[in-house]
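J.: fold the stuff below for me.
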Amino acid sequence: MQPYASTKKLLLGNLPDAVPALTVQNMFDGVGPVLSVSLLAHGFAFVEMKSDDADRALSQLKGFRLNGTEIGRAHV
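T.: Numbers count the residues shown, from 1 in each chain. Sure thing, here's the model as predicted:
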């Protein structure tokens with residue numbers, strides 16, 4: 001049995017209002033498995049990943065643009 005891996009939630013901002021959860025998940029799948037995506041109002045979303053994957057995602061997706069707009073991201 002593998003030990004429990006800690007997870008982190010990333011808060012995303014500046015997303016297009018009608019962005020599907022699958023689009024958000026696909027942005028992060030190249031870095032590591034996405035455990036959950038929660039879309040919020042006004043262009044925000046939470047993405048939950050294993051801690052080490054979340055840390056890599058923050059650095060690898062710096063400056064990432066979706067529909068021409070840079071996506072804001074931070075640890076929660």
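J.: in the protein, which residue is most central in space?
T.: residue 47 (4.0 Å; Cα atoms, centre = their mean).
J.: pretty sure that residue sits in a strand.
T.: Yes - assessed by DSSP: H, G, I helix; E, B strand; the rest coil, residue 47 belongs to a strand.
J.: that one contacts residue 31, doesn't it?
T.: No - using Cβ atoms under 8 Å as the test, residue 47 is too far from residue 31 to be in contact (10.1 Å). Bear in mind the C-beta positions are built from the backbone N, C-alpha and C, glycine included.
J.: pLDDT weak spots in this protein?
T.: The chain contains residues with pLDDT under 70 at 1-5, 75-76.
J.: so which residues of it form strands?
T.: Under the criterion DSSP state E, the chain contains strands at 7-13, 34-39, 45-50, 65-66, 69-70, 72-75.
J.: the last one: how far from the chain's middle?
T.: With Cα atoms, centre = their mean, to the nearest Å as the basis, the distance from the averaged C-alpha position of strand 72-75 to the chain average is 8 Å.
J.: and if you look at the longest one?
T.: Centroid separation for strand 7-13 versus its chain: 6 Å, with Cα atoms, centre = their mean.
J.: could you say what helices and strands that strand packs with?
T.: strand 45-50, helix 51-60, strand 72-75 (3 or more Cβ pairs under 8 Å, 6 or more residues apart in numbering; DSSP states H and E).
J.: buried ones in that strand, by neighbour count?
T.: Across strand 7-13, burial judged by 16 or more other Cβ atoms under 10 Å covers 8-10, 12.
J.: same question, the third one
T.: Using 16+ other Cβ under 10 Å as the burial criterion, the residues of strand 45-50 that qualify are 45, 47-50.
J.: so which of those comes closest to residue 16?
T.: residue 45 (10.8 Å; Cβ to Cβ).
J.: what's near enough to touch the closest one?
T.: 11-12, 15, 19, 21, 24, 37-39 (Cβ atoms under 8 Å, 6 or more residues apart in numbering).
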